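Visitor: This is the structure alone, sequence omitted:
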């Protein structure tokens, strides 16, 4: 092989090298909403007509009524032979709501939940101080997502 043949071989090989390295996975085009989500447990839903939440973090407090919507779980529908997978949602008897915050960090957050029962009587006021969780659900290249999830049931308020 002459010098020209060797040059063409090296150019062809160098053109193929980038395809040998894994490309980073693309990041989903979604934004994270800052706030606290709350789930009313299925066995407590009948006791709740309305909820109000106050959340304080880093010296800033936000308080508002929380609109409740039926909760659901993802049900795996399996995968096709071509590798296409799917899922559907199914009601799970819970109710969910969300209190938007101007910002959310991994510093301690104090949440206070109050509300009324269907008969109009006040529900017990529940307060919990907890630390929101940070994770990289789409890989480190896509950034850190911070979540603050609560569960309310007859025994009280806990981190979800």
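Guide: Received the coordinates, thanks. All values derive from a computational prediction rather than experimental measurement. Residues are numbered from 1 along each chain as shown.
Visitor: Now do the end-to-end distance for stretch 149-160.
Guide: Terminal residues of stretch 149-160 lie 5 Å apart, using C-alpha to C-alpha, to the nearest Å.
Visitor: Equivalent analysis for stretch 114-123, please.
Guide: 6 Å.
Visitor: For it, buried residues please.
Guide: Applying a neighbour-count criterion of 16 or more other C-beta atoms under 10 Å, one finds 114, 115, 123 buried in stretch 114-123. Heads up, the C-betas are built off the backbone N, CA and C, glycines and all.
Visitor: Show me which of the residues you listed is closest to residue 28.
Guide: residue 115 (34.0 Å; C-beta to C-beta).
Visitor: and the strand or helix carrying that closest one, how far from the chain's centre?
Guide: For residue 115, the element it lies in under DSSP states H and E is strand 109-116. Offset of strand 109-116 from its chain centre (C-alpha atoms, centre = their mean, to the nearest Å): 20 Å.
Visitor: After it, which helix or strand is next?
Guide: Next helix or strand after strand 109-116 toward the C-terminus (DSSP H and E): strand 126-130.
Visitor: so what strands line up beside that following strand?
Guide: strand 109-116 (antiparallel) (DSSP bridges).
Visitor: List the contacts of the strand it pairs with.
Guide: Contacts with strand 109-116, where a contact means C-beta atoms under 8 Å, 6 or more residues apart in numbering, come from 36, 38, 48-57, 122-123, 125-132, 148, 150, 152, 157.
Visitor: Which members of those are classed as buried?
Guide: Neighbour-count burial (16+ other C-beta under 10 Å) applied to the contacts of strand 109-116 gives 36, 38, 48, 50-57, 123, 126, 128, 130, 132, 148, 150, 152, 157.
Visitor: Sweet, I'm off.
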